[in-house]
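J.: here's my sequence, what's the structure:
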Amino acid sequence: MKTKGKWSVFAAMIATMVVTALFLRHIDRSRHLGNPGLIMRGENVYCEDGRLIATNTIALPQRVLDYTSTARPITKLEVDWLPSDTTFARRLYVDESSNMAPLQVTVVMMGLDRTSIHKPEYCLTGQGWSILKEKVAFVTLRNKRKLPVKEIVAERVLKQPDGREEKVRAVYMYWFVADQRITASHFERMWWMAKHLLLTGELQRWAYVSVLSYSTPGKEAGLIKRMESFIHASTPMYHKMNNGTVFSNVE
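T.: So this is what the prediction gives:
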């Protein structure tokens, strides 16, 4: 009887696994891609090796406050490693009236392949940066809504041409956007995406927006303030925000 009972439990486990696999396969086949939460436009996007990789992109503004910008290429590593249905955008913003460091804005938006979006901290540490501190901050927008952003201060030692080693600080801010959803939490994004997919069969089209700049040690506070002002001014120019958009308050 004991042996028979064990086989019954084993058979039930196998049956559950098969049913679950078939259900997930059905969801995967029947899913359709949701609308982006960002404004798009037709524009050529290039890899750093000169390849044309796309003819559409995110409509990042050309001018924000006193900053003018230029489109920047996507790295070969990003193009080769991320799925072919990934949408990219990258612009470098420079205030020519000052000697302040430029701000680089990058957007990575997924297609049907969800692996385009991952936890951003992995990229930073993988490039040799040490994260000194991180927190969720909230940038007040023109409509008084509070945009959640993950704010990271990281440090890296760079070797100069004369052989000296110099510490450089980076301030990195990011958030995730889908249709009517904005969060700075990777885990909340995953939860929202899984729940929406199961309930509707629609795969939310998430994008990952980041703003990056550099500072000498001890000057991060001023840079953070400047980046928050930039985000306040630029975000409404390319986000599809309305009264129904859910802003996460997860810290």
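J.: name the element the residue found closest to Ile74 once you drop the neighbours it is linked to in the chain belongs to?
T.: Distances taken as Cβ to Cβ, 6 or more residues apart in numbering put Phe88 closest to Ile74, at 4.8 Å, once the chain neighbours are dropped. For the C-beta atoms, the positions are set from N, CA and C on the backbone; glycine is no exception. Per DSSP states H and E, Phe88 falls inside strand 87-94.
J.: what's the helix or strand for the residue nearest the centre of the chain?
T.: Residue closest to the mean C-alpha point of the chain, counted by Cα atoms, centre = their mean, is Tyr208 at 1.8 Å. Here Tyr208 sits within strand 207-215, counting by DSSP H and E.
J.: and if you look at Met190?
T.: Going by DSSP H and E, Met190 is part of helix 186-200.
J.: now do that helix against strand 207-215, angle only.
T.: 170 degrees (axes from the mean of the first three to the mean of the last three Cα atoms, to 10 degrees).
J.: quick one: contacts of whichever helix or strand comes after helix 186-200?
T.: Downstream of helix 186-200, the first helix or strand assigned by DSSP H and E is strand 202-205. Strand 202-205 is touched from outside by 31-37, 109-112, 114, 178-179, 181, 192-193, 196-197, with contacts defined as Cβ atoms under 8 Å, 6 or more residues apart in numbering.
J.: you'd agree Leu52 is up against Val45?
T.: Yes - if you go by Cβ atoms under 8 Å, Leu52 and Val45 touch, sitting 7.5 Å apart.
J.: looking at the two now, which is surrounded by more residues?
T.: Neighbours were counted for Leu52 and for Val45 using other Cβ atoms under 10 Å; Val45 has more, 21 against 9.
J.: which strands and helices sit next to the host helix or strand of the more buried one?
T.: Using DSSP H and E, Val45 sits in strand 40-46. Secondary-structure packing of strand 40-46 (3 or more Cβ pairs under 8 Å, 6 or more residues apart in numbering; DSSP states H and E): strand 52-58, strand 87-94.
J.: which of those has the highest mean neighbour count?
T.: Ranked by mean neighbour count, the helices and strands packed on strand 40-46 are led by strand 87-94 with a mean of 21 (mean count of other Cβ atoms under 10 Å).
J.: any residues touching the helix or strand just after that one, and which ones?
T.: Downstream of strand 87-94, the first helix or strand assigned by DSSP H and E is strand 103-109. By Cβ under 8 Å, 6+ apart, the residues outside strand 103-109 that reach it are 36, 38, 58, 60, 67, 72, 78, 82, 86-93, 116-117, 205-213, 226-227, 230, 234.
J.: of these, just the buried ones, PyMOL syntax please.
T.: Per 16 or more other Cβ atoms under 10 Å, the buried members of those correspond to this PyMOL selection:
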select buried, resi 36+38+58+60+67+72+78+82+86+87+88+89+90+91+92+93+116+117+205+206+207+208+209+210+211+212+213+226+227+230+234
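J.: please save the CA atoms from stretch 35-54 in CSV.
T.: Taking Å, rounded to 0.1, in the frame of the first residue of the first chain, the C-alpha atoms of stretch 35-54 are listed here in CSV:
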residue,chain,number,x,y,z
ASN,A,35,1.0,49.1,-26.6
PRO,A,36,4.2,50.9,-25.5
GLY,A,37,4.0,53.5,-22.7
LEU,A,38,6.4,55.7,-24.7
ILE,A,39,6.0,57.8,-27.9
MET,A,40,7.8,56.3,-30.9
ARG,A,41,9.0,57.8,-34.2
GLY,A,42,10.6,56.7,-37.4
GLU,A,43,14.3,57.3,-37.3
ASN,A,44,17.4,55.2,-38.2
VAL,A,45,19.3,53.6,-35.3
TYR,A,46,22.9,52.5,-35.7
CYS,A,47,25.3,50.2,-34.0
GLU,A,48,28.7,51.5,-33.1
ASP,A,49,30.2,49.4,-35.9
GLY,A,50,28.1,51.3,-38.4
ARG,A,51,25.3,48.8,-39.0
LEU,A,52,21.7,50.0,-39.4
ILE,A,53,19.8,48.1,-36.7
ALA,A,54,16.4,49.7,-36.8
